[in-house]
Every structure is written in structure tokens, then in C-alpha cells.
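A.B. asks: Let me see the structure of the following:
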Amino acid sequence: MSSNTRLQYLATAVALAALAACGGGGGGGSNPSTPTATPSTTPTTAPTTAPTTTPTTSPTTPGTSKFTQSQTWTFDLPASGDVCYDFDAGAQTADCTGSVWDVKVVGAGRTASLFTNSGPSGTGQGAALGTPFTYTWDQLLTYTDATKDATGVSVPGVAWIADKASSVFSGNNAIQSAAFEYGVDGGHQLSPNFRTFLLTSNSASTDITGAAGTVYALQMTGYYGSPTGTTSGWPSFRFVNTANPSQVFSSPNGGVNATNGWVYYNLASNSVSSESGTWHIAFNRYSVKLNGGASGSGTVAGFLSKTPAGFYAANGSPIEAKFSSTSNLTDTLPDLTGSQTGPTAVNKWVKDTIGSQLAPTYTGVYPAALNYGWFSYAPTASAIPGLGQHQLKANEQAATLVRSGAGNSYARMHLTNISYAPANPAYNGQQTWTIKFDVQAAP
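C.D. replies: You can find the predicted model right below:
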């Protein structure tokens with residue numbers, strides 16, 4: 001592995017380890033935009049082409065590598081629903097329930113998304129190593145042990161990232177948060193950016209006045225019980241009902257105790273609720289989810305209305321002096337109580353999805369090819385040579401390391417091929433996928 005790639009991995013791991021040591025936690029991956037897929041635990045009809053696996057016991061790298069098995073998983077992608085693979089057994093599983101499976105592929109017509117057996121995606125202890133796709137397959141072949149870096153130092157547990165709920169509060173910074181920044185002053189603290197988020201109780205309407213359903217404007221104001229608090233895992237916030245924006249409510253007792261799992265909050269009563277009760281927003285340390293989409297049975301969705309001036313430079317980097325200002329509460333209050341900018345269409349409301357390190361946000365700009373990590377998507381017939389419109393091409397060098405659902409074995413993996421049925425070679429024909437694994441078995 002190149003030194004640059006190794007340094008990039010180490011920087012991520014060190015930041016995550018430092019954050020965990022000072023009481024951080026949570027975070028979240030990002031789901032791809034359209035086209036996309038949502039994981040399901042419902043068993044699907046057996047694929048029309050039988051899945052195949054070709055395990056071997058020959059070492060995949062020279063020397064003392066712990067990656068001692070190579071496996072090939074070939075399967076027909078379901079038009080909708082999921083298929084799962086157990087690399088401990090070297091076989092596709094009968095369904096995607098329980099903790100046995102390790103990698104899930106969810107089909108959605110012309111495309112698919114991948115997930116680990118963890119968090120909202122499964123009941124296992126799976127995860128992916130932070131920042132997938134920063135290493136190529138050839139670079140990962142130089143690994144001899146998934147649990148150690150090139151110098152023999154153990155990879156910190158927090159560098160293995162489980163699947164999480166992804167919401168309007170999820171971002172692309174080091175802690176994957178749209179509401180907090182980490183280490184702005186060079187330390188290990190989380191600082192709020194006082195962005196104003198709109199939370200609607202009726203995601204079928206673009207109305208933000210409350211005429212079609214209650215809408216709240218909310219700002220995160222701290223992570224330590226209050227802007228001047230010291231106990232981590234106590235997110236604080238303030239909010240208004242947009243129908244009466246002059247009346248400002250604040251989280252009681254300086255914040256909510258989100259140090260030991262999800263805490264569900266009812267904005268209407270300004271009180272802690274329960275998962276089975278009435279709730280709008282929930283907190284798990286600095287992770288946030290809403291009661292809608294993949295996170296709940298409600299119809300709550302979010303929209304980023306405002307980012308206050310002065311917090312970020314033109315290149316998007318946080319400005320330390322502004323984040324450390326003692327007047328931020330006062331300075332940003334007009335953003336909360338003033339007029340808001342809402343979505344222009346109902347599909348602009350951000351509904352919670354299941355985020356995974358294996359399901360990254362795509363890169364690229366239409367009509368050029370869009371890169372979804374594992375594969376590239378051709379939005380037009382000329383976007384990718386040799387492909388038709390809406391077809392996919394495997395990115396063979398895109399790769400990552402995953403932890404099993406059992407939590408005690410690992411594999412490096414990459415997608416090597418996507419083929420379309422000869423009888424219908426168009427984008428809506430049957431897709432056959434091939435994923436290759438090198439497995440580090442449990443001790």
C-alpha cells in the first residue's frame with residue numbers, strides 16, 4: 001500500500017480514536033442519490049441463476065498473510081429485494097436475517113446498494129473500515145492482517161464503522177455530521193455550527209408555515225449539556241414552531257442524555273418520549289435521526305434551511321474564531337426565528353435512509369458517468385464506452401475491508417464484473433454480479 005494511502009487511513013483512524021476517547025460516537029454514512037436501493041430483511045425469491053462460490057485455501061499474498069482464502073460470489077441481482085453472502089461459510093445465505101450473513105446487496109431495478117450486517121441493516125457485528133475506496137484492490141493485496149496497520153499497530157475498533165441511519169443531519173466531514181464539527185480548535189471537542197434545520201410532520205407537502213402540518217425550525221446548540229458544558233453525549237438544541245416563530249423552546253436541563261443509546265424526543269411536548277411513543281427526533285450522542293423513512297413509522301423529514309454567516313470559509317473549511325465565539329447563541333437566534341427557506345418540491349425533503357460505508361454518495365455530474373464506488377452508472381448512451389444508457393460497469397479496483405456479522409473475521413472485497421442477460425442486454429435485462437473476497441478467518 002502506498003504511504004499516502006496509509007497516512008490517509010491513519011489520519012482517519014486517529015481522529016476516530018481520539019473522538020471516542022473524549023466521549024464521541026455515532027456518525028453515519030451517506031446513501032447514494034437516485035438511483036438508489038433500500039436494504040430489506042425480507043427473504044426474496046431465489047435468483048434465476050444459481051449463485052456460485054469458488055473458495056480456495058491457497059494464500060492470496062506471500063509471507064505470513066492471514067488472508068488465507070479466496071472466494072468468488074456470482075449471483076443474479078434481484079429486481080427488488082436483497083441477497084446476502086456469508087464469507088465465513090463461503091456461500092450465499094438462504095435469506096438476510098440473523099447475524100450469519102456478512103455482505104448484503106439490495107437490488108432496485110437498474111442499480112443496487114451494498115450494506116454490512118450491522119446497525120439498522122442487520123443484527124450482527126459487521127462493519128467496514130473507514131473511508132472505503134481510498135485503497136485500490138492492488139493496494140489492499142499488500143495487507144497481511146486486517147486488524148493491524150503496516151507498522152504492526154492494531155487498528156482501533158472505532159475505525160470499523162457500522163451502518164447507521166442517514167438523515168438531513170448527516171454530513172461529509174470527519175464525523176459525518178451536518179450539525180457539528182470536530183476538533184476545530186485543534187483539540188477533540190465537538191462544536192455546533194448553529195445551522196437551522198426544518199423538520200416537517202408532513203413530508204407530502206412543501207408548506208413550511210404549518211398550514212399543512214406542523215413544521216419546526218431547529219438548531220443544535222451544544223454537545224456537552226450546553227454551550228459551556230463539559231459532559232459529552234448531552235446534545236442541546238432549541239426550536240420554534242414556524243406557525244409561531246417568536247416562541248423559542250430549548251431542550252430542558254441543558255440537553256438530553258444520549259450517552260447510552262437512542263433517546264427519542266417529542267417536540268410538541270418538548271419532552272423525552274420513547275421509540276413506541278410520539279416522537280419527532282432522536283439522538284445517540286451526536287447522531288440524529290427523524291421519525292420517518294427508514295428510521296420510524298412517522299412522516300417526519302428534514303431540510304437544511306440556513307447556514308449562518310461566518311462559520312465556514314469559501315472552500316468549506318470551518319473558521320475557528322467564529323466557532324469559538326461566545327456570542328454564537330445570540331448571533332444565530334434571528335436565523336431560527338426569522339423567515340425560512342423550504343424545499344421547492346416534496347422530494348427535496350430529506351427522509352431518513354440506511355447509511356453504510358459500502359453505499360457511498362455518488363460522484364460525478366450528469367450527463368457524464370456517475371461513480372457509486374463499486375460501479376459506475378451511465379446516464380446516457382455515450383457516458384461510458386461500450387455501455388448503453390442506464391447500464392452499470394464494475395469498478396474493479398474499487399475495494400474495501402469488511403468485518404463479518406460474527407465480528408471475528410474479515411475480508412477484502414471488490415466487484416469484478418456486471419453482465420447483462422444475452423436475451424435482453426439492455427439496462428432492464430437480468431444483471432449477474434461477481435464479487436471476489438479474500439478472507440481472514442476467525443482465530
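A.B. asks: Correct me if wrong: Thr144 contacts Phe67.
C.D. replies: Yes. Between Thr144 and Phe67 there is a contact under C-beta atoms under 8 Å: 7.3 Å. (Each C-beta comes from the backbone N, C-alpha and C, glycine too.)
A.B. asks: Looking at these two, which has the bigger crowd around it?
C.D. replies: Comparing Thr144 with Phe67 by neighbour count (other C-beta atoms under 10 Å), the higher total belongs to Phe67, at 23 against 18.
A.B. asks: Tell me the pLDDT of that one.
C.D. replies: According to the prediction, Phe67 has pLDDT 96.
A.B. asks: swap in Val14?
C.D. replies: So Val14 comes in at 44 (pLDDT).
A.B. asks: Then Thr44?
C.D. replies: 36.
A.B. asks: where along the stretch 301-443 of the chain do the helices fall?
C.D. replies: 320-323, 328-337 (DSSP state H, counting those that start in this stretch).
A.B. asks: Same list, those helices, but as TSV with mean neighbour count and distance to Leu290 please.
C.D. replies: Below are the helices of the stretch 301-443 of the chain laid out as TSV (neighbours: other C-beta atoms under 10 Å; distance: least, C-beta to C-beta, whole Å):
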stretch	mean neighbour count	distance to Leu290
helix 320-323	15	25
helix 328-337	17	18
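A.B. asks: And the ones you listed: which comes nearest Ala441?
C.D. replies: If you check each of the helices of the stretch 301-443 of the chain against Ala441 by C-beta to C-beta, helix 320-323 wins as the nearest, at 46.0 Å.
A.B. asks: which outside residues touch that closest one?
C.D. replies: With contacts defined as C-beta atoms under 8 Å, 6 or more residues apart in numbering, helix 320-323 is touched by Glu181, Val184, Asp185, Ser191, Asn193, Gly310, Phe311, Asn328.
A.B. asks: In space, what's closest to the fifth one - neighbours in sequence excluded?
C.D. replies: Ranked by C-beta to C-beta, 6 or more residues apart in numbering and with sequence neighbours excluded, the top spatial neighbour of Asn193 is Phe311, at 5.1 Å.
A.B. asks: Kindly provide the distance from that neighbour to Phe239.
C.D. replies: 19 Å (C-beta to C-beta, to the nearest Å).
A.B. asks: next one: Gly338
C.D. replies: Distance of Gly338 to Phe239, given as C-beta to C-beta: 14 Å.
A.B. asks: more crowded one of the two?
C.D. replies: Phe239 (23 against 13).
A.B. asks: what's the pLDDT at the more buried one?
C.D. replies: Residue-level confidence at Phe239 comes out at 98, pLDDT.
A.B. asks: Relative to the helix or strand where it lies, what are the paired strands and their orientations?
C.D. replies: Element membership of Phe239, judged by DSSP states H and E, is strand 236-241. Sheet pairing here is set by DSSP bridges, and for strand 236-241 it gives strand 215-222 (antiparallel), strand 249-250 (antiparallel).
A.B. asks: between it and helix 328-337, how big is the angle?
C.D. replies: Here strand 236-241 runs at an angle of 30 degrees relative to helix 328-337 (axes from the mean of the first three to the mean of the last three C-alpha atoms, to 10 degrees).
A.B. asks: all strands of the stretch 201-350 of the chain, in order?
C.D. replies: Per DSSP state E, counting those that start in this stretch, the stretch 201-350 of the chain carries strands over the ranges 215-222, 236-241, 249-250, 263-266, 271-272, 281-284, 287-290, 301-306.
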